[in-house]
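S.K.: Okay, sequence plus prediction incoming.
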Amino acid sequence: MGNLTAHAGISSVWFLPGPDSPYGRRMSQTYEFVVVANRLPVAAETAEDGTITWVRSPGGLVSALEPTLRREPAVWVGWSGRYAPDPYSTGDLGVELEPLPDGVGPCPLVEIELTREEMEGYYEGFSTSTLWPLYHDAIATPVYHRHQWEPYVAVNRRFAEQVAEIAAHGATVWVHDHQLQLVPGMLRERRPDLRIGFFLHIPFPPVELFLQLPWRKEIVQGLLGSDLIGFHTPGGAENFLAVTRRLLDVETDLDSVTVADLSPAGGKRRVGVGAFPISIATGEYEAIARTAEVQDEAASIRAKIGNPKHVLLGVDRLDYTKGIDVRLKAYVELLEDGSIQPGEAVFVQIATPSRENVEDYQKLRDDIELMVGRALGDHGVLGAPPIQYLHQPFTREELVAFYAAADVMLVTPYRDGMNLVAKEYVASRIHDDGALVLSEFTGAAVELDGSFLVNPYDADGVKQAIRDAMAADPEDLRRRMTRMRAQVENHDVDAWAKSFLDALEAPQ
Ligand code: ADQ
């Protein structure tokens, strides 16, 4: 990438009323590097009295891209977390959102304005109730609704139109994740001069599952508008190539698809397809973990929960793919069968609030909290509860203190694109100790070969892995952790972004 520069150092965009849009026309400058994602890196939190506070958006994508943005000047296009007034229901075409305040976020931001109704169809509907479960092995049953597909198409088009307007000639555009799979194709139709990369942060499913999708061809054709499509694992890339071969009459090889070039130049166009395992800012986690404050806080966490022999930890967005129930069930059975003696261990589960508007997620929260409550009722000891449950967001420093306090990290998703938490734990273990119990169905399992691998569907296997991790010889743990730490040190998030962007820039 090297010489990418924004044309001007503006820190927000501004709006003028115009005849072509009910919200007003957006005036903006053009940029050489455009990041496009469903969410902006900052989100509006609206208080009851209507005041807005801007906070960092939750989740893995922002964690992953922030270090790159500090290095590469970019503009970020996405939704802000606040709803645009709906001109069709209010009948008021003149209402506009206030512009984003200057200086929020790590780079200039361009807001895609979406009404509550559009978000219900495009995000809570098609992205979250269709694509998310389908791409995660259909752990929950995907729903296929035409009235949700239509807003998905319309919102993808709005993103593509906005990017087409602000991208400089020949600019690099990096589109992220399953919510925006039609954007590459829609953008290429409008701007064949652009270099378009797409990265999928979640798994890409096997052919048999993907074929359920009524709009399967449209999705594949949308993705093929890219010059490069990246997945976390070779398995994801292989699944995509297999789906493409099955659905379209195009040539594929091990790492590309050749498609007809629809630009005026005509001919053929090569779309690269490959695995680019995402990572974390390893150095930053290590540096935080090395501070006296964080080490003191880790000791204080242990003390507050009664200095048990074993501290077990889970850190997840509250999502049914993460297998929080898997580890809770295993832990409770270990208490029941006497493998863990009363007072010997405490399991701390941190669950970040997530997608709270979606019914399945409200139910999941109820289910998990019921399990925690039951376990505390059945196995609680006065003054020494065996489980601590925190449904709260934490700062990075606070999370690292939890990682530093935990002897055993439990990462047990049914399916996960990568899982950054596993890598954050490893990076935070500056004394080369601690054990990682890791589901084999995470992208991280491909890289972290010093972990205690588990099949989350095998309840006895999960219990055994937790027993093994708690009983492991410190020298064995040191060897395992050293290997994993070398992996995350040599493959940090900068290396990930650089390898993707270098491949995107390389001549085809
Ligand atoms: P997520 O599903 O959000 O990401 P993950 O990769 O684990 O999952 O990232 C979660 C991030 O949120 C981590 O950086 C973690 O530190 C942070 N976090 C978790 N709990 C928190 C809390 N209580 N307070 C503050 N921060 C918290 C998606 C995919 C993953 C993929 C990433 C990146 O589902 O498979 O690894 O994108 O591509």
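M.R.: Sure thing, it's come through. For clarity, every value in this text was computed on a predicted model and none was experimentally measured. Numbers count the residues shown, from 1 in each chain.

S.K.: Alongside the ligand, which residues does the protein contribute?
M.R.: Along the chain, the residues adjacent to the ligand under the rule C-beta under 6 Å from any ligand atom are 59-61, 63-64, 201-202, 278, 315, 317, 350, 352, 393-394, 399, 416-421, 424. C-beta: built from backbone N, CA, C; applies to glycine.

S.K.: try 5 Å
M.R.: Taking C-beta under 5 Å from any ligand atom as the contact definition, the chain meets the ligand at 59-60, 63-64, 201, 278, 315, 317, 350, 352, 393-394, 416-421.

S.K.: Residue 389 falls within a strand, correct?
M.R.: Yes - under DSSP: H, G, I helix; E, B strand; the rest coil, residue 389 falls within a strand.

S.K.: Give the closest residue to it in space, chain neighbours not counted.
M.R.: Nearest in space to residue 389, with sequence neighbours left out and distances taken as C-beta to C-beta, 6 or more residues apart in numbering, is residue 372 at 4.7 Å.

S.K.: Ok, residue 308 next?
M.R.: Residue nearest to residue 308 in three dimensions, not counting chain neighbours: residue 346, with 4.8 Å by C-beta to C-beta, 6+ apart.

S.K.: filter the residues of the chain next to the ligand to the buried ones?
M.R.: Neighbour-count burial (16 or more other C-beta atoms under 10 Å) applied to these gives 60, 63-64, 201, 278, 315, 317, 350, 352, 416-421.

S.K.: Spell out which residues make up each domain of this structure.
M.R.: 2-278+497-505, 282-490 (automatic domain parsing).

S.K.: Columns mean pLDDT on top of these, output as CSV?
M.R.: Formatted as CSV, the domains of the chain follow (pLDDT from 0 to 100):
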stretch, mean pLDDT
domain 2-278+497-505, 86
domain 282-490, 95
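
S.K.: In helices, which of the buried ones among the residues of the chain next to the ligand appear?
M.R.: Within these, residues falling in helices by DSSP state H are 60, 63, 64, 420, 421.

S.K.: Which of these sits closest to residue 30?
M.R.: Among these, residue 64 lies closest to residue 30 (C-beta to C-beta), at 25.5 Å.

S.K.: Now do the contacts for that closest one.
M.R.: Counting by C-beta atoms under 8 Å, 6 or more residues apart in numbering, residue 64 touches 201, 278, 279, 280, 420, 493, 496.

S.K.: any idea how far the second one lies from residue 38?
M.R.: It refers to residue 278. Spatial separation of residue 278 from residue 38 under the definition C-beta to C-beta, to the nearest Å is 16 Å.

S.K.: same deal with residue 239?
M.R.: Using C-beta to C-beta, one obtains 22 Å as the distance from residue 239 to residue 38.

S.K.: Residue 214 too?
M.R.: Taking C-beta to C-beta, one finds residue 214 at 22 Å from residue 38.

S.K.: With residue 433 instead?
M.R.: Residue 433 is 38 Å from residue 38, by C-beta to C-beta.

S.K.: which one of the two has more residues nearby?
M.R.: residue 38 (21 against 12; other C-beta atoms under 10 Å).

S.K.: residue contacts, the closest residue to the more buried one other than its chain neighbours?
M.R.: Spatial nearest neighbour of residue 38, chain neighbours left out: residue 179 (4.0 Å); criterion: C-beta to C-beta, 6+ apart. The contact partners of residue 179, taken as C-beta under 8 Å, 6+ apart, are 37, 38, 122, 123, 127, 131.

S.K.: which among these end up buried?
M.R.: Buried members of the contacts of residue 179, scored by 16+ other C-beta under 10 Å, are 37, 38, 122, 123, 127, 131.

S.K.: Return the subset of those lying in strands.
M.R.: Mapping these onto strands (DSSP state E) picks out 37, 38.

S.K.: Among the buried ones among the contacts of residue 179, which one lies nearest to the ligand?
M.R.: Each of those was scored against the ligand by C-beta to the nearest ligand atom, and residue 37 proved nearest at 10.6 Å.

S.K.: thought that closest one was touching residue 74?
M.R.: No - counting by C-beta atoms under 8 Å, residue 37 stays clear of residue 74, with 11.4 Å between them.

S.K.: just so I have it, where are all the helices in the stretch 201-350 of the chain?
M.R.: Counting by DSSP state H, counting those that start in this stretch, the stretch 201-350 of the chain has helices at residues 207-210, 216-223, 234-247, 282-290, 292-304, 324-336.
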